[in-house]
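Undergrad: Got a predicted structure plus its sequence, pasted below:
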Amino acid sequence: MTRPAPQDVRTVACVGAGVIGGGWVAHFLARGYAVRAWDPAPDAEARLRRLVDAAWPALEQLGLAPGASPARLTVTGTLEKAVSEAQFVQESAPEKLELKRELLAKLDAATPAGIVIASSTSGYPMTDMQTEAVTPGRLIVGHPFNPPYLIPLVEVVGGERTDASAVEWASRFYELAGKSVITMEREVPGFIANRLQEALWREALHMVANGEATVREIDRSITEGPGLRWAFMGPMLTFALAGGEGGMAHMLDHFGPSLKSPWTRLEAPELDGALYDAVVAGCADASDGRTIADLVAERDQGVIDVLRATGRLPGTGAR
Ligand SMILES: NC(=O)c1ccc[n+]([C@@H]2O[C@H](COP(=O)([O-])OP(=O)(O)OC[C@H]3O[C@@H](n4cnc5c(N)ncnc54)[C@H](O)[C@@H]3O)[C@@H](O)[C@H]2O)c1
């Protein structure tokens, strides 16, 4: 077993270097790691270096780790050379189950024992991808958001044959590498954020298909509406504030019956006592001791900050 402590990782391998793999490369370089990348496409190296160069000014603005440099990227001619000295591997190949199965098995065979191998998959459960690997215990999902060098979230989850220690190790490693981590207890296709994004996306497509809204209207309905709040407060606490001083409990009493209305094509769950209590208690937990008044003040300041940051405060060049 050659797994280093998460804080001792110096070299990571990125396998598959398109939009997401390239974004991971830029991220890890900016955080001061040496990165070894491999991608089978003939133009992959040129494409990757263009992506890193284009991202670097943004990364400089964010602040580089000591020693961070695009010069610490090595593009290798084979998968084996990329991973043979890696202390962590991030796979970002195309979203095809058979390809992921075979590639993860190859990576498992070529990577030193114990080193954690993460897949960027958008939605496959690791249980379905780790079937061909000889040592599946070190395979985890590390699902990023585009671009991985700017959007902090990574969702971490193992499969049925993944060791709990690999999930724990990866979560700690990503945190040290500057990511904001959600470690999921259970595998769900699409994980958390993509299920939420996908619900919105599918409803938007239905609305376009049925002539109910235009593409422009759909986008404006988010950027001029709920999206302004979601930048800093999630949909649960945001809705709790729709319940006024009564918070989520009042919101559910007031709008619970609307779950029967045809406001979306997604079917609502039964709002029984257990769900009601879980949502109310979850909001209390997520509030971390903040009162409704605190959250209202935070929301108001947050919306002003987002409007100001995007040049949309009245009198600041509103568009
Ligand atoms: N694009 C997104 O917004 C997004 C967000 C999160 C996760 N993901 C996931 O990241 C992964 C990569 O997606 P992408 O958007 O970067 O796709 P992409 O098409 O931009 O890049 C895929 C890269 O993989 C390379 N490749 C092809 N076969 C390969 C193989 N056998 N081994 C290694 N590399 C191979 C291709 O040459 C290409 O450069 C997918 O699993 C996808 O679901 C994508």
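TA: Received, thanks.
Undergrad: From residue 141, how far off is the residue in the stretch 151-300 of the chain that the ligand sits nearest to?
TA: Residue of the stretch 151-300 of the chain nearest the ligand, by Cβ to the nearest ligand atom: residue 194 (7.9 Å). Backbone N, C-alpha and C define where each C-beta goes, glycine included. Residue 194 sits 11 Å away from residue 141, going by Cβ to Cβ, to the nearest Å.
Undergrad: which one of these two has more residues nearby?
TA: Under the neighbour definition other Cβ atoms under 10 Å, residue 194 and residue 141 were set side by side, and residue 141 has more, 29 against 18.
Undergrad: what is that one paired to in the beta sheet?
TA: Note on residue 141: beta-bridge partners by DSSP bridges are residue 119, residue 157.
Undergrad: which ones are touching it?
TA: 118, 119, 121, 124, 125, 126, 155, 156, 157, 158, 159, 191 (Cβ atoms under 8 Å, 6 or more residues apart in numbering).
Undergrad: Could you report the separation of the residue nearest to the fifth one when sequence neighbours are not counted from residue 159?
TA: Pointing back at residue 125 there. Nearest non-adjacent residue to residue 125, counting by Cβ to Cβ, 6 or more residues apart in numbering: residue 187, 4.2 Å away. Separation of residue 187 from residue 159 (Cβ to Cβ) stands at 6 Å.
Undergrad: joint contacts of these two?
TA: In contact with both residue 187 and residue 159: 125, 126, 127, using Cβ under 8 Å, 6+ apart.
Undergrad: returning to that earlier point: list the residues that contact the residue nearest to residue 125.
TA: Applying Cβ under 8 Å, 6+ apart to residue 187 gives the contacts 125, 126, 127, 157, 158, 159, 160.
Undergrad: Most neighbours among those, please name it.
TA: residue 158 (27 neighbours).
Undergrad: Quick check: chain neighbours aside, which residue is closest to that one?
TA: Nearest one to residue 158, counting by Cβ to Cβ, 6+ apart, is residue 167 at 4.4 Å.
Undergrad: Residue 155 is in contact with that neighbour, correct?
TA: No. Under the criterion of Cβ atoms under 8 Å, residue 167 makes no contact with residue 155, lying 11.3 Å away.
Undergrad: wait, isn't the residue of the stretch 151-300 of the chain closest to the ligand in contact with residue 124?
TA: No. Contact criterion Cβ under 8 Å: residue 194 and residue 124 do not qualify, at 11.1 Å.
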